[in-house]
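Visitor: Quick one: sequence plus predicted model below, questions after.
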Amino acid sequence: MKITTLKKAAVAFAAVGALALTVAAGPASAEMKEQEFRVVGTWGFLDHWKEREGPFWNERLPKLSGGKLTANAKSQTELGLSGYEIMRLLKLGVFDAVHGVTTYVAQDSPAIEGADLAGVIQDLPTYRKANEAYRHILAREFEEKYDAKLLMIYAWPSQQLFCNLGDKSVTEYGLDKLAGKKIRTYSTTLGDFIAGVGGTAVTIAFAEVVPALQKGVADCGLTGTLPAYNAKWWQVVTHNIRIRLGYASSFLAMNLKKWNSLDEETQNFFKAQLAPLEEEMWAATALNDQRGMDCNAQGPCDTQVGNMTAIEPTAADKVMLQSVVENFVLKRWAKRCGTQKCVDEWNATIGKISGMKAAL
């Protein structure tokens, strides 16, 4: 993808956002109750917060509601949160609404984890279709486990491997060579993948990964392509191994008691405004996935090129990935899920779309 193509895509994306804002910007009723919402977003130094989550709550919502609805919205990083605890804080009523990553908050529900099992899907359009099919299951689990209303689902650029191999001239590095490597992870399912390739999973919060890679606490890390670039992983690792291990399935949820306290007009207002925001999230993810890969490696890039060496998966890598997914990722998740109903629901939705099958 050339820089001119990226610029054209960016212009098109901006137009989508402007159109969504225009279409959704119907006048709020003078009878709408004035309310302020306590909101947590994702990471403050990444684009979803800076360009979409934060601006929606702090700028668009007050504007579109004629000042009736406002928010005290801050990122997880600004609040000193890791992201793993946000749904429990939401359930307690500490916050009214939170943005988060499904695998970060799946401690109380393996079914939630099922939205983003490592290595199952290798392209974003299929991934979105699968998440839409699974949406009603997520909504039920959020309500039952966290007393929360699911309002939006979206994703991040593809989760790939970033490794410090020492020598940038190395252009071939199969998945079979990851055995013995210490690999940063952030979820149980990614840990299952790491076990499947013979590596050692090291759980490290995103903000702490760069020093961990720099000091050799981890040899490789797993994250999204553009987040890796924005967090400057290219300063401490040499290679990007482009196996797609998920898209960090994400969500917006509101405390159910808070949601139920809103009158029907306000609920409908939120639904109308969040629908175009969700479209913007998916459009940005598609654009930023390629931009992240380009900027981490040899370009083209509209900012500093990271100069990593990119390694594309071989046919042997793809065969190994499928084996790891079937024999580690899906088997271990099905055991955590624990019931035939849970497995059957996954197989009827994500499994059917991906062509994969889980079994107890």
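Guide: Now that the structure is in, tell me what you want to look at.
Visitor: Where does residue 184 sit: helix, strand or coil?
Guide: strand (DSSP: H, G, I helix; E, B strand; the rest coil).
Visitor: In three-state terms, label residue 169 for me.
Guide: coil.
Visitor: who's the nearest residue to it once chain neighbours are set aside bridged to?
Guide: Once flanking residues are discounted, residue 169 sits nearest to residue 309: 7.5 Å by Cβ to Cβ, 6 or more residues apart in numbering. Placement of C-beta: from N, CA and C, glycine included. Beta-bridge pairing for residue 309 (DSSP bridges): residue 239.
Visitor: so which helix or strand takes in the residue nearest to residue 174 when sequence neighbours are not counted?
Guide: Computed as Cβ to Cβ, 6+ apart, the closest residue to residue 174 that is not its neighbour in sequence is residue 317, at 5.6 Å. Here residue 317, judged by DSSP states H and E, is contained in helix 315-324.
Visitor: Check which helices and strands that helix sits against.
Guide: Under the contact criterion of 3 or more Cβ pairs under 8 Å, 6 or more residues apart in numbering; DSSP states H and E, helix 315-324 touches helix 188-196.
Visitor: right, and residue 334 touches residue 358 too?
Guide: Yes: assessed by Cβ atoms under 8 Å, residue 334 is found in contact with residue 358 at 4.5 Å.
Visitor: what touches both of those two?
Guide: residue 343 (Cβ atoms under 8 Å, 6 or more residues apart in numbering).
Visitor: re earlier: mind listing what's buried in the helix holding residue 317?
Guide: Under the neighbour-count criterion of 16 or more other Cβ atoms under 10 Å, helix 315-324 has 317, 320-321, 324 buried.
Visitor: okay if I get the residues you listed as CSV plus distance to residue 193?
Guide: Below are those laid out as CSV (distance: Cβ to Cβ, whole Å):
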residue, distance to residue 193
317, 13
320, 11
321, 8
324, 6
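Visitor: and which of these is nearest residue 48?
Guide: Closest approach between the buried residues of helix 315-324 and residue 48, by Cβ to Cβ: residue 321, at 26.8 Å.
Visitor: Report pLDDT for that closest one.
Guide: Residue 321 carries a pLDDT score of 97 in this model.
Visitor: Check the contact between it and residue 120; I expect there is one.
Guide: No: using Cβ under 8 Å, residue 321 is not in contact with residue 120, being 9.9 Å away.
Visitor: and of the buried residues of helix 315-324, the nearest to residue 131?
Guide: When the buried residues of helix 315-324 are compared against residue 131 (criterion: Cβ to Cβ), the nearest one is residue 321, at 20.2 Å.
Visitor: which residues touch the closest one?
Guide: 119, 175, 243, 313.
Visitor: Return the subset of these lying in strands.
Guide: Among the contacts of residue 321, none falls in strands (DSSP state E).
Visitor: Take the residues you listed and lay them out in TSV including pLDDT, neighbour count and distance to residue 189.
Guide: Listed next are the contacts of residue 321 as TSV, based on pLDDT from 0 to 100; neighbours: other Cβ atoms under 10 Å; distance: Cβ to Cβ, whole Å:
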residue	pLDDT	neighbour count	distance to residue 189
119	97	24	9
175	95	24	16
243	95	24	14
313	94	17	19
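Visitor: Go through stretch 129-139 and flag the buried ones.
Guide: For stretch 129-139, using 16+ other Cβ under 10 Å, the buried residues are 129-131, 134-135, 137-139.
Visitor: Mind checking which of those are in helices?
Guide: 129-131, 134-135, 137-139 (DSSP state H).
Visitor: where do the strands sit along this structure?
Guide: For the chain, strands defined by DSSP E occupy the ranges 35-41, 69-75, 97-101, 148-154, 159-163, 182-185, 200-203, 220-224, 239-241, 250-255, 309-311.
Visitor: List the pairing partners of the fourth one within its sheet, with orientation.
Guide: Read it as strand 148-154. Going by DSSP bridges, the partners of strand 148-154 are strand 250-255 (antiparallel).
Visitor: try the third one
Guide: According to DSSP bridges, strand 97-101 has the following sheet partners: strand 35-41 (parallel), strand 250-255 (antiparallel).
Visitor: could you check the angle strand 69-75 makes with the first one?
Guide: Between the direction of strand 35-41 and that of strand 69-75, the angle (axes from the mean of the first three to the mean of the last three Cα atoms, to 10 degrees) works out to 20 degrees.
Visitor: ok, and what's touching stretch 132-151?
Guide: 87-88, 90-91, 97, 102, 105, 108-109, 111-112, 114-115, 153, 251-257, 259, 270-271, 274, 345-346, 349-350, 352-353.
Visitor: So what does the closest residue to residue 190 other than its chain neighbours look like in phi/psi?
Guide: Once flanking residues are discounted, residue 190 sits nearest to residue 118: 5.0 Å by Cβ to Cβ, 6+ apart. In terms of degrees, to the nearest 10, the main-chain angles of residue 118 are phi -60, psi 130.
Visitor: pretty sure residue 118 is touching residue 188, no?
Guide: No: using Cβ under 8 Å, residue 118 makes no contact with residue 188, being 9.3 Å away.
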